[in-house]
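Participant: I'd like to go over a predicted model; first the sequence, then the structure.
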Amino acid sequence: MNIFIIFTIPLSTILHRSHGFQVIQPQNRTVNPDGSASISCEHTADVSSVEDVRLNAVSATNRASLLCQKGRTDCKNIAMLRENPQKWLFILLNIGPEAMAVTYQCEFTVKQDYLDLTRTGTTATELLPSRKEAACLNQPSPSSPPPSPPSLETFWIAIGLLALMFLYSCVITSFYIRVRCSNDEAGNSTYVEMRKAPRPRNPPL
């Protein structure tokens, strides 16, 4: 019994190492100013080719959906390039708010010892806004500038208007005084004319 356990543990370890591989992908990628970003997917399996390569979108609820796959030519806004048997590159185009709201997971399927083995990246890649956009978001909104003092031209215009109003009031006042005086003189002359005494008559001879 002990001999069986001793031989079984190393054998299972050897089989696990021969059939195990890892998927390596970046933790985050910064979006370029033109709205594109690239995600590299790499595996450590000792094979000369892969059976399948996928890029999945992972939502906030950890729900994965296929975006692009090896052999497909209808991937929406995604270009797929093979750099070498171990490394593939996905180029995301026209990145919008929906694409920024999810993370991206690499997935490889390789054939080892006539077995298809599938592995995914342990950490999904997160997209970060471009540096220019991040600077605009972090920049505090400028406070409203203080009101500028009145200019010299405005000051002199106000003085001119005040002087014109003063002159106008003086003309109106003088005209009113002249009319009032004329009315008073006309009234006094009539009154004197009405109070004239009659001429004395000649005494009779």
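Facilitator: Perfect, thanks for sending it. Since the model is a prediction, treat every value here as computed from it, not as a measurement. Numbering: from 1, shown residues only.
Participant: tell me the phi and psi of residue 179?
Facilitator: phi -60, psi -40 (degrees, to the nearest 10).
Participant: pLDDT weak spots in the chain?
Facilitator: Residue ranges of the chain with pLDDT under 70: 1-19, 132-150, 184-205.
Participant: in it, which strand has the most residues?
Facilitator: strand 103-112 (DSSP state E).
Participant: and it, what does it pack against?
Facilitator: strand 23-24, strand 37-43, strand 52-58, strand 87-92, strand 115-120, strand 125-128 (3 or more C-beta pairs under 8 Å, 6 or more residues apart in numbering; DSSP states H and E). No exception for glycine: its C-beta is placed from N, CA and C like everyone else's.
Participant: tell me what angle that strand forms with strand 87-92.
Facilitator: Using axes from the mean of the first three to the mean of the last three C-alpha atoms, to 10 degrees, the inter-axis angle of strand 103-112 relative to strand 87-92 is 150 degrees.
Participant: export strand 103-112 as CSV, just CAs?
Facilitator: C-alpha atoms of strand 103-112 as CSV (Å, rounded to 0.1, in the frame of the first residue of the first chain):
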residue,chain,number,x,y,z
THR,A,103,-12.1,43.4,-19.4
TYR,A,104,-10.5,41.1,-21.9
GLN,A,105,-9.4,37.5,-21.4
CYS,A,106,-7.1,35.4,-23.6
GLU,A,107,-7.8,31.8,-24.2
PHE,A,108,-5.6,29.1,-25.8
THR,A,109,-6.3,25.5,-26.8
VAL,A,110,-3.3,23.3,-27.6
LYS,A,111,-2.8,19.6,-28.3
GLN,A,112,-0.4,17.7,-26.0
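Participant: pipe the helices and strands packed on strand 103-112 into a markdown table and attach distance to residue 180 and mean neighbour count per row.
Facilitator: Formatted as a markdown table, these follow (distance: least, C-beta to C-beta, whole Å; neighbours: other C-beta atoms under 10 Å):
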| stretch | distance to residue 180 | mean neighbour count |
| --- | --- | --- |
| strand 23-24 | 106 | 18 |
| strand 37-43 | 91 | 20 |
| strand 52-58 | 95 | 19 |
| strand 87-92 | 92 | 18 |
| strand 115-120 | 106 | 13 |
| strand 125-128 | 87 | 17 |
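Participant: in JSON lines: those strands, plus distance to residue 159.
Facilitator: Conversion of the helices and strands packed on strand 103-112 to JSON lines gives the following (distance: least, C-beta to C-beta, whole Å):
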{"stretch": "strand 23-24", "distance to residue 159": "79"}
{"stretch": "strand 37-43", "distance to residue 159": "64"}
{"stretch": "strand 52-58", "distance to residue 159": "71"}
{"stretch": "strand 87-92", "distance to residue 159": "67"}
{"stretch": "strand 115-120", "distance to residue 159": "81"}
{"stretch": "strand 125-128", "distance to residue 159": "60"}
